[in-house]
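Visitor: next come a sequence and a model predicted from it.
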Amino acid sequence: MDDEVEMVTIYVMGKRHRVPAGLTIMKAMEYAGHQFRRGAGCRGGFCGACATIYRTKGSYKLQGALACQKIVEDGMYIAQIPFSPAEKKTYNIEELRPDAGVFLEYYPEIARCLSCNTCTKACPQDIMVMDYVQAALRGDVEEAAKLSFDCIGCGLCAVRCPAEIVPYNIGQLARRLYSRHIVGPTEHVLKRVREIEEGRFDEEIEELKTLDREALQERYETRERRL
Amino acid sequence: MKRMSGYPEYMQESLRLVEKTRPERIGKTFPAMTAEEKERILRDWHPDYKEESKRPLRIGPCKGQVMPHEVADILEAHPAITPDEIDLTDIAYDLDVLVIGAGGAGLSAALLAHENGVERDRILMVQKLRLGDANSKMSQGGIQAADAPDDSPTLHYLDVIGGGHFANDPDLVEALVKEGPDVIKWHEELGVIYDKNPDGTMQLAPGGGTCRRRMHSCKDYTGLEITRVLVDEFLNREIPYVEFTCAVELLMDDKGQVAGSVLYDLDSDEYLIARAKSTVLATGGFGRLHIQGFETTNHYGATGDGIALAYHVGARLRDLDSTQFHPTGAAYPEQIVGQLCTEKLRGRGAQPVNKYGELFVYPLETRDVEASAIIRECYERENGVVTPTGMRGVWLDTPLIDIINGEGTIEREFAAMFRNFKKFDIDIREEPMLVFPTLHYQNGGVAINTRSETSIPGLYAAGEVAGGVHGKNRLMGNSQLDLYVFGRRAGRFAAERAKKISLGKLTLSHLDRYERWLAEAGIETDRRAPILLPEYRGKRTLEHQLKLL
């Protein structure tokens, strides 16, 4: 590490480290000597494995972030929350009806929502968490599905909710209900599946498989592009 | 009017040129390369074609196969355990089907094993991280399936096999393309939300090397949406699973069959024996081996464990000489270097342009060709933008997407990209992304047939760990499809097999054989494999992409 690089001080679960400024929390922890077993996943903001809470110097605010996406700040106190304790209810999606009753049956605590918006403030994806919980509560499955779509399931909403609701479980249920029971299957997909089952394309493909490399390449290069 | 820029002052001049040429580039494209031009640019500029980056494997049934040094290194390494450490009589799990890996392929295999008559308590899924932790979840742009009226599995077949330079296994390609629409149907039944047009038809985009619009998407969270639905369904079925538990070796029996795995519990540091009549390897690829020092788009767990495990039992490998470099990894800011900028951006109109704002390549060449053109633009023609850490890159002109498709398109269809760049003050509606090729996918792997069987009885493989489907180059959206086509087949045929066969006496004698191969080849090393977790501690955190030239 050359000397001109600016260093900052962070506290990983209380332990003080000097790390280069500009690193993400995840890379800073690795620089400090951690090899992740828990708390690291895709490293690109898609999986929610690295939920982290922190406070910065001089601030009383407890904040949440993904360790792979958040840059360290000088004087930052860091703790990871690699798992949020919550029971996922089991159900047969086919048998459910897409209405408010489903959410109340499986996750009755949803009715305790205080509309305090703490979940929304905790979300590192900037999702309107409270709004989708409220949508589910009034049976608007489509709205709950769409608002929750970008959820990566990091669990920060669930650990902050004073009503002890687990919003990400509700979002997951809403999305599956929406697709399965409100949107339904796609006609041209079903049609093509039937055609394939009937062997509609067997001969064409079989013929391609008999071609030698040169003839196949010719067929490939001259295929019509319709984009 | 001066607007906020997320890029340093010295890049502003180049950004102004990009902005200046933008109006005249609308509706224009750069001509696609001829077959000869493609061949030449690959030979001259694709990282795969650098002879010194590879070597022939020196041991085992695939001796002589050429592969990157980093891959040969994990195969020319001692097994992670020695037989005398392990008590094979102490069986922790006695199973019909063991699934190793909990990404798209593993989840599909477990669900299908269950649907094909294996009792849930005779199935076990093990995963070294969490359920669903896999590259599967990170896929952004989409999944191919030929279900549009103007498309056909035949055209899909041509695209796959031509894109793969005709090195693919034709039977696997046929299985892939014929099962595509059924996979989409299955997903919708399970409750995956695909992007649709107002009339209820699928919203389909083109991808590099496709001759039709065939890409189905779930915004730019396609893999996330599919994986979380499969995880939810897997949990609903109450199929047993253990997280934070690695497969460190496969077990065999005295009849020459694979018979489960030695597991390693990352919490208790204990070894556990899982005996199984069928074993499904769904461990993903090798991006975290950082082939040629490249940054990678891959998940933390993508350490190539599966190819090492399979080779220890003597399974045949193929096409490991071929690595996919995604044309557009982030080159700036430093914090996200190497991360994926989805191909769908180009599918929806974003153009790669050089530092003068000029087009230099058709935006939807196959990935290997597109990547080579970007490398050439940066390193031969010196038309790239140099970052503060010395990396080079070209612009991917994203603001075109909203201009072409209407305002709001980026926020709606590229929520992940928009969000991830916004965190670094780059608004991709206003400013382009700086990109450079990044290590993305293991094109080859463990050889399988259309039943997802490897060359060793009792061992199945599916997803990125397997080879043959994509030949020497994979097209966008075909790995997502591959996961479900061959994952489901693995589950189904693993279940069938488990009903028919009986296991003999368990053994780890294949590890002694492997040690003999190493000794006979004169290989002296302290390397061990599988490596399970990548090593980034201390100063390794700060290593950057190797200079290409």
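Guide: Looks like it came in fine.

Visitor: residue boundaries of the strands in chain A?
Guide: A:7-12, A:15-20, A:51-55, A:63-66, A:76-80 (DSSP state E).

Visitor: what are the pairing partners of the first one, and which direction each?
Guide: Its sheet considered, strand A:7-12 pairs with strand A:15-20 (antiparallel), strand A:76-80 (parallel) by DSSP bridges.

Visitor: residues making contact with the longest one?
Guide: Contact with strand A:15-20 is made by A:1, A:5-11, A:28, A:31-32, A:72, B:542, as judged by C-beta atoms under 8 Å, 6 or more residues apart in numbering or on different chains. From N, CA and C alone the C-beta is placed, and that goes for glycine too.

Visitor: quick check: domain ranges of the chain?
Guide: As the question left the chain open, I've gone with chain A. Split into domains by automatic domain parsing, chain A comes to A:7-80, A:93-183, A:187-221.

Visitor: chain B was what I was after
Guide: Here the domain assignment for chain B is B:9-45+B:329-438, B:83-322+B:443-510, based on automatic domain parsing.

Visitor: for the longest one, measure first residue to last.
Guide: Using C-alpha to C-alpha, to the nearest Å, the end-to-end distance of domain B:83-322+B:443-510 comes out at 9 Å.

Visitor: avg pLDDT for that domain?
Guide: Throughout domain B:83-322+B:443-510, pLDDT has a mean value of 97.

Visitor: tell me how far that domain lies from the chain's centre.
Guide: In terms of C-alpha atoms, centre = their mean, to the nearest Å, the centre of domain B:83-322+B:443-510 is found 11 Å from the chain centre.

Visitor: which strands and helices sit next to the longest strand along chain B?
Guide: Assignment by DSSP E gives strand B:270-281 as the longest strand of chain B. The helices and strands touching strand B:270-281, judged by 3 or more C-beta pairs under 8 Å, 6 or more residues apart in numbering or on different chains; DSSP states H and E, are strand B:91-100, helix B:104-115, strand B:123-126, strand B:245-253, strand B:258-265, helix B:305-312, strand B:459-461, helix B:478-500.

Visitor: pairing partners for the third one, with directions?
Guide: Okay, so that is strand B:123-126. Counting by DSSP bridges, the strands paired with strand B:123-126 are strand B:91-100 (parallel), strand B:241-242 (parallel).

Visitor: who touches the last one?
Guide: Counting by C-beta under 8 Å, 6+ apart, strand B:241-242 makes contact with B:102, B:110, B:124, B:125, B:126, B:127, B:131, B:234, B:263, B:265, all of which sit outside it.

Visitor: mind redoing it with 10 Å?
Guide: Residues external to strand B:241-242 that are found in contact with it (C-beta atoms under 10 Å, 6 or more residues apart in numbering or on different chains): B:92-93, B:99, B:102, B:106-107, B:110, B:123-128, B:130-131, B:231, B:234-235, B:263, B:265, B:272, B:274.

Visitor: could you flag which of those are buried?
Guide: Members of the contacts of strand B:241-242 that pass the buried threshold by neighbour count (16 or more other C-beta atoms under 10 Å in any protein chain shown) are listed as B:93, B:99, B:102, B:106-107, B:110, B:123-128, B:130-131, B:231, B:234-235, B:263, B:272, B:274.

Visitor: show me where chain A has its helices.
Guide: For chain A, helices defined by DSSP state H occupy the ranges A:25-31, A:100-106, A:118-122, A:129-137, A:141-147, A:156-160, A:167-177, A:187-197, A:202-210, A:213-221.

Visitor: buried set for the fifth one?
Guide: Which is helix A:141-147. Under the neighbour-count criterion of 16+ other C-beta under 10 Å, helix A:141-147 has A:141, A:143, A:144, A:145, A:146, A:147 buried.

Visitor: near chain B too, which of those?
Guide: Among the buried residues of helix A:141-147, the ones lying near chain B by C-beta under 10 Å from any C-beta of the partner chain are A:145, A:146.

Visitor: any chance of the buried residues of helix A:141-147 in TSV, plus pLDDT and distance to residue B:295?
Guide: What follows is those, written out as TSV (pLDDT from 0 to 100; distance: C-beta to C-beta, whole Å):
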residue	pLDDT	distance to residue B:295
A:141	98	41
A:143	98	39
A:144	98	37
A:145	98	35
A:146	98	34
A:147	98	34
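
Visitor: ok, the buried residues of helix A:141-147 vs chain B, which is closest?
Guide: Closest approach to chain B among the buried residues of helix A:141-147 (C-beta to the nearest C-beta): residue A:145, at 6.6 Å.

Visitor: got the contact list for that closest one?
Guide: Contact partners of residue A:145, counting by C-beta under 10 Å, 6+ apart, are A:98, A:132, A:135-136, A:171-179, A:182-183, B:191, B:193.

Visitor: list the residues that contact the nearest residue to it once chain neighbours are set aside.
Guide: Leaving out its chain neighbours, the residue that sits closest to residue A:145 by C-beta to C-beta, 6 or more residues apart in numbering or on different chains is residue A:178, at 3.6 Å. Taking C-beta under 10 Å, 6+ apart as the contact definition, residue A:178 lies against A:98, A:141, A:142, A:143, A:144, A:145, A:146, A:148, A:149, B:191, B:193.

Visitor: sorry, back to before: can you tell me which of the helices of chain A comes nearest to residue B:456?
Guide: helix A:202-210 (26.4 Å; C-beta to C-beta).

Visitor: and that closest one, what does it pack onto?
Guide: When contacts are defined as 3 or more C-beta pairs under 10 Å, 6 or more residues apart in numbering or on different chains; DSSP states H and E, helix A:202-210 sits against helix A:213-221, helix B:153-163, helix B:170-190.

Visitor: CA atoms only for the first one, dumped as CSV, please.
Guide: Extracted C-alpha coordinates of helix A:213-221, given in CSV (Å, rounded to 0.1, in the frame of the first residue of the first chain):
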residue,chain,number,x,y,z
ARG,A,213,-19.7,-28.2,-40.1
GLU,A,214,-19.4,-26.2,-43.3
ALA,A,215,-23.0,-26.6,-44.3
LEU,A,216,-24.2,-25.8,-40.8
GLN,A,217,-22.0,-22.7,-40.7
GLU,A,218,-23.5,-21.6,-44.0
ARG,A,219,-26.9,-22.0,-42.6
TYR,A,220,-25.9,-20.0,-39.5
GLU,A,221,-24.3,-17.1,-41.4
